[in-house]
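Q: okay, predicted coordinates and the sequence, questions at the end:
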Amino acid sequence: MAKILMIQGTMSNAGKSLLTAGLLRIMKEDGYLAAPFKSQNMALNSFITEEGLEMGRAQVVQAEAAGVKPEADMNPILLKPTTDTGSQVIVGGVHVGNMKAREYFAYKKTLIPRILESFHRLEQRYDVIVIEGAGSPAEINLKQDDIVNMGLAELVDAPVLLVGDIDRGGVFAQLYGTVMLLSEEERARVKGLIINKFRGDKTILDPGVAMIEKLCGIPVVGVVPYMDVELEDEDSLGVHLAGSSHKGLVRIAVIRLPRISNFTDFQVFLSMPEVHLKYVSRVEELGNPDLMILPGTKSTMDDLLWLRESGLEAAVLKRVQAGTPVFGICGGFQMMGMTLHDPKGVESLRTNLRGMEILPVDTEYEDEKTRTRVRGDVGQVTGALSCLSGMAVEGYEIHMGSTRRRKEGQVFSYVSPSGAGGDGMGSKDGTKEDGAWQDSCYGTYIHGFFDGKGIAEAVVRALLDKKGLTMEQVSHVDYGAYKEQQYNRLAGMLRDYVDMEMVYRIMG
């Protein structure tokens, strides 16, 4: 049976996901077959496995760090917020319905057998499982029904490392307060403390480290510096939503919708110094970009109304008329269409909504959710991104609703689905027709589109060419190799600042 370690935090965004990924990469380097696990994740960034099942992207990143294939057992429950008080609930990779918070709290205890089934399947196949908690284990109003922090640690008998975020200040109060709010039995499970995101001279911190060890009776196993690594973030708290820090010649504007999902679709551009990627939520921020992107969203119709009311729709349409290319993915693609219909109230309380009228397509929302991996080729397209014609694409679809092209519409790509729950836009030679395009406006359902081999590079070269510029130093971006480099950097930094011998002893 696998050895177990659990990473809990004093708060959300303390760095649990990144530390979990780094520890998994270290264990891979040390010869262990390791897997991540998070019983319940709340995030709008999700992924479709080869089996057509849905899971949180944080566990996908962690699986990549461990060098193993992502599988839904690594994240048996995924909550995708639809409102401030409700979420779409995915269990075992399958959508089971939308629930209000109180309804879900009454329901979630019944999911414990499902959580344990997933965990035990992993436990029988891996040497090590590194579990990530959620939020804080000291939420005293939630502890009695906990299935993701100490409640889970007790169920699987996991030792715990508690992580505090010094960058936000008050790290000693975070650690001490969390430990003191735990029961005696829970406190006994905390075998080590980690101070994360430290900047400065560690010798100044050393007296505080000694004091917190004495106060809590728990050793500090690491003081980890603020790590500048380019890895995908779990949710919208991620710093990458601020965009790239470098000012490249190519300006890409991603519309930051209120319920933006899968913004990791654009992560590849952050690795390219030629690109200035920025997220735009106000008209005055749009400026004169070389490419506009409408991303995925959990609530397409509501976010389209926000786009309209904020004035950004008019600003985008004005840029489209001036010849600026626009690219829509999933919900963004649906918005670009002529109409959106929701007769069953699946997506919104509104039955019908006018689209942005950029592409000649219509979308109707249905009860069944599309979740499938796809692979294929872009069709023959013209306009600013004609360079994409014939390029190989691979990714996944995850959406409610199906989209139909009008007779004047043109197919963006032809793909072959795999996994459950396909959606059709017609077919050709046994493949499925995906998306649509017109002039320099393009839409697709494929998440991960820009991660395809050579695609991001081709887009950047085309945009530079449109500006009358050449950039011979634009090198081929092998995003897979780039991510491997980042995982190795992360592991190397953690080895320098975390006592791995103590961590292995804690795991037995």
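A: Received the coordinates, thanks.

Q: what's the first helix or strand after the helix or strand bottoming out on mean pLDDT in the chain?
A: Least confident element among the helices and strands of the chain, by mean pLDDT, DSSP states H and E: strand 427-428 (a mean of 46). Using DSSP states H and E, the helix or strand that follows strand 427-428 in sequence is strand 431-434.

Q: name every strand pairing with that following strand and say which way it goes.
A: Paired strands of strand 431-434, with direction, are strand 413-418 (antiparallel), strand 427-428 (antiparallel) (DSSP bridges).

Q: so which of these comes closest to Q174?
A: With CB to CB as the criterion, Q174 lies closest to strand 413-418 of the strands paired with strand 431-434, at 44.5 Å. Every C-beta, even on glycine, is put in place using the N, C-alpha and C of the backbone.

Q: chain center to that closest one: distance?
A: Here the centre of strand 413-418 is set off from its chain's centre by 23 Å, with CA atoms, centre = their mean, to the nearest Å.

Q: list the buried residues in it.
A: 413-415, 417 (16 or more other CB atoms under 10 Å).

Q: got it, and stretch 194-208?
A: Taking 16+ other CB under 10 Å as the criterion, stretch 194-208 shows 194-198, 205 as buried.

Q: how about low-confidence regions in the stretch 351-500 of the chain?
A: Within the stretch 351-500 of the chain, the segments meeting pLDDT under 70 span 419-430, 470-478.

Q: mind running it again at 90?
A: Scanning the stretch 351-500 of the chain for pLDDT under 90 picks out 351, 366-371, 399-401, 407-409, 417-432, 464-483, 485-486.

Q: all strands of it, in order?
A: Secondary structure of the stretch 351-500 of the chain (DSSP state E, counting those that start in this stretch): strands located at 352-354, 361-378, 392-405, 413-418, 427-428, 431-434, 436-438, 441-444.

Q: now tabulate these in TSV and tack on distance to D290.
A: Output for these, formatted as TSV (distance: least, CB to CB, whole Å):
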stretch	distance to D290
strand 352-354	28
strand 361-378	20
strand 392-405	21
strand 413-418	22
strand 427-428	32
strand 431-434	24
strand 436-438	18
strand 441-444	14
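
Q: nearest to A456, of those strands?
A: strand 392-405 (12.1 Å).

Q: how distant is the closest one from the center of its chain?
A: 18 Å.

Q: and the angle from that strand to strand 413-418?
A: 100 degrees (axes from the mean of the first three to the mean of the last three CA atoms, to 10 degrees).

Q: could I get strand 392-405 in PDB with only the CA atoms?
A: The C-alpha trace of strand 392-405 is given here as PDB (Å, rounded to 0.1, in the frame of the first residue of the first chain):
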ATOM      1  CA  ALA A 392      -2.700  19.500 -36.200                       C
ATOM      2  CA  VAL A 393      -4.800  20.200 -33.100                       C
ATOM      3  CA  GLU A 394      -5.400  18.300 -29.900                       C
ATOM      4  CA  GLY A 395      -7.300  19.100 -26.700                       C
ATOM      5  CA  TYR A 396     -10.600  18.600 -25.100                       C
ATOM      6  CA  GLU A 397     -14.200  19.900 -25.100                       C
ATOM      7  CA  ILE A 398     -16.200  20.600 -22.000                       C
ATOM      8  CA  HIS A 399     -19.400  22.500 -22.400                       C
ATOM      9  CA  MET A 400     -23.200  22.600 -22.100                       C
ATOM     10  CA  GLY A 401     -25.000  23.200 -25.300                       C
ATOM     11  CA  SER A 402     -24.500  22.400 -29.000                       C
ATOM     12  CA  THR A 403     -23.700  24.900 -31.800                       C
ATOM     13  CA  ARG A 404     -25.000  24.700 -35.300                       C
ATOM     14  CA  ARG A 405     -23.600  26.700 -38.300                       C
END
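
Q: now for it, which elements pack on it?
A: With contacts taken as 3 or more CB pairs under 8 Å, 6 or more residues apart in numbering; DSSP states H and E, strand 392-405 sits against strand 46-48, helix 331-335, strand 361-378, strand 413-418.
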